[in-house]
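>>> just coords:
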């Protein structure tokens with residue numbers, strides 16, 4: 001048997017009659033694919049997100065923490081400001097691991113497209129980097145590890161957000177889950193919307209505003225710089241997730257029913273209230289322009305933007321009280337984050353923060 005014959009044995013996709021083509025690819029439930037076959041590419045948006053993620057590569061240990069250590073040990077920060085830092089470290093330290101677990105245990109096995117899987121592998125690595133980041137911050141500042149990493153048990157506002165997401169992973173991991181049924185596709189979409197649209201698109205953003213507002217005031221700038229890197233990662237995660245959600249909708253139009261859409265809107269509204277509760281817990285007294293009213297308006301504003309991106313009607317009509325957020329995350333030739341996807345990224349090691 002010669003080498004050319006070996007390539008077709010027990011592999012019907014390699015025959016002239018059954019050669020795999022881009023048109024045969026599907027985002028989920030593609031019964032024809034038994035290897036992670038990238039070529040021919042069908043979903044070019046997934047490959048674009050993968051390349052953008054690679055261009056944004058960074059590691060937390062590249063960021064100096066000496067100024068943060070000095071400020072943390074001094075009297076520069078008020079008790080309210082220290083509470084903001086601690087609460088956000090407590091939430092993000094566990095939230096990033098929840099996202100990573102969901103990617104590896106629940107999402108990857110059911111996304112049958114190779115280029116999407118390539119991106120998911122990249123994202124899983126980035127979630128590990130983010131978890132590494134919070135460990136690096138805790139160790140650098142000499143914080144109580146138990147206090148930070150147990151907040152998801154001990155702080156109700158954090159526990160409520162985490163619980164919503166863990167329920168979605170449990171549904172996918174249930175022994176009777178079957179992604180091949182219309183109900184299964186809906187459950188899978190609910191998971192994707194819960195993690196990409198809600199967790200990474202809503203739950204993370206009050207924390208970003210709080211920490212980056214410190215960075216604007218030249219306070220805890222090491223943590224602020226790392227949050228800027230994380231935010232850039234998250235912008236790609238969000239855009240990939242929205243493209244994946246919309247792609248599955250397009251390939252399975254029968255599952256996008258009026259009842260399912262109403263359920264998603266209700267879940268987003270629930271998430272908005274959970275995020276506002278979290279903001280209130282972080283900022284019981286408000287600090288320098290950050291208060292309950294501004295965060296309600298902000299969370300409602302970004303929730304409307306997320307709903308629009310998956311073809312659902314806006315619910316709030318609130319304005320953005322933090323327009324500087326766009327300036328903070330915008331890089332050279334990068335479009336406004338709230339309106340469109342990122343178009344260009346620099347290598348993480350060459351960034352210069354003004």
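That came in fine, so what should we check first? Quick caveat, the model's predicted, so the values are computed rather than measured.
>>> got a list of what the residue nearest the centre of the chain touches?
Among the residues of the chain, residue 200 comes closest to the average C-alpha position under CA atoms, centre = their mean, at 3.3 Å. When contacts are counted by CB atoms under 8 Å, 6 or more residues apart in numbering, residue 200 touches 99, 234, 237, 238, 241. Where you see a C-beta, it was placed from the backbone N, CA and C, and this is true even at glycine.
>>> farthest-separated two in those?
99 and 238 (11.5 Å; CB to CB).
>>> of those two, who's got more company?
More neighbours surround residue 99 than the other of residue 99 and residue 238, with 26 against 23 (other CB atoms under 10 Å).
>>> any idea how far that one is from residue 52?
Relative to residue 52, residue 99 is positioned 18 Å away (criterion: CB to CB, to the nearest Å).
>>> got it, and residue 286?
36 Å.
>>> the two: which is more packed in?
residue 52 (22 against 14).
>>> and that one, what's its pLDDT?
Model confidence at residue 52, expressed as pLDDT, equals 95.
>>> and residue 319, how many residues sit next to it?
Residues near residue 319, counting by other CB under 10 Å, number 10.
>>> my hunch is that it is in a strand, does that hold up?
No: residue assignment for residue 319, taken from DSSP: H, G, I helix; E, B strand; the rest coil, gives coil, which places it outside any strand.
>>> so it touches residue 300, yeah?
No: in terms of CB atoms under 8 Å, residue 319 does not count as a neighbour of residue 300; the distance is 9.1 Å.
>>> return the helix or strand in the chain with minimum mean pLDDT.
Taking all helices and strands of the chain together, the one with the lowest average confidence (mean pLDDT, DSSP states H and E) is helix 3-6, at a mean of 38.
>>> count of residues packed around residue 299?
Considering only other CB under 10 Å, residue 299 is surrounded by 25 other residues.
>>> excluding its backbone neighbours, what's nearest it?
Taking CB to CB, 6 or more residues apart in numbering as the measure, residue 299 lies nearest to residue 275, with 4.9 Å between them; neighbours along the chain are not counted.
>>> how about the helix or strand containing the one you found, which residues are buried there?
Using DSSP states H and E, residue 275 falls within helix 258-282. By neighbour count, with 16 or more other CB atoms under 10 Å as the criterion, the buried positions of helix 258-282 are 264-265, 267-268, 271-272, 274-276, 278-282.
>>> now swap in stretch 96-108 and tell me
Of the residues in stretch 96-108, those scored as buried under the neighbour-count criterion (16+ other CB under 10 Å) are 96, 97, 98, 99, 100, 101, 102, 103, 104, 106, 107.
>>> export those residues as TSV, with columns for secondary structure and distance to residue 250.
As requested, the buried residues of stretch 96-108 are exported to TSV (DSSP: H, G, I helix; E, B strand; the rest coil; distance: CB to CB, whole Å):
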residue	secondary structure	distance to residue 250
96	helix	30
97	helix	32
98	helix	28
99	helix	25
100	helix	27
101	helix	28
102	helix	23
103	helix	22
104	helix	26
106	helix	22
107	helix	18
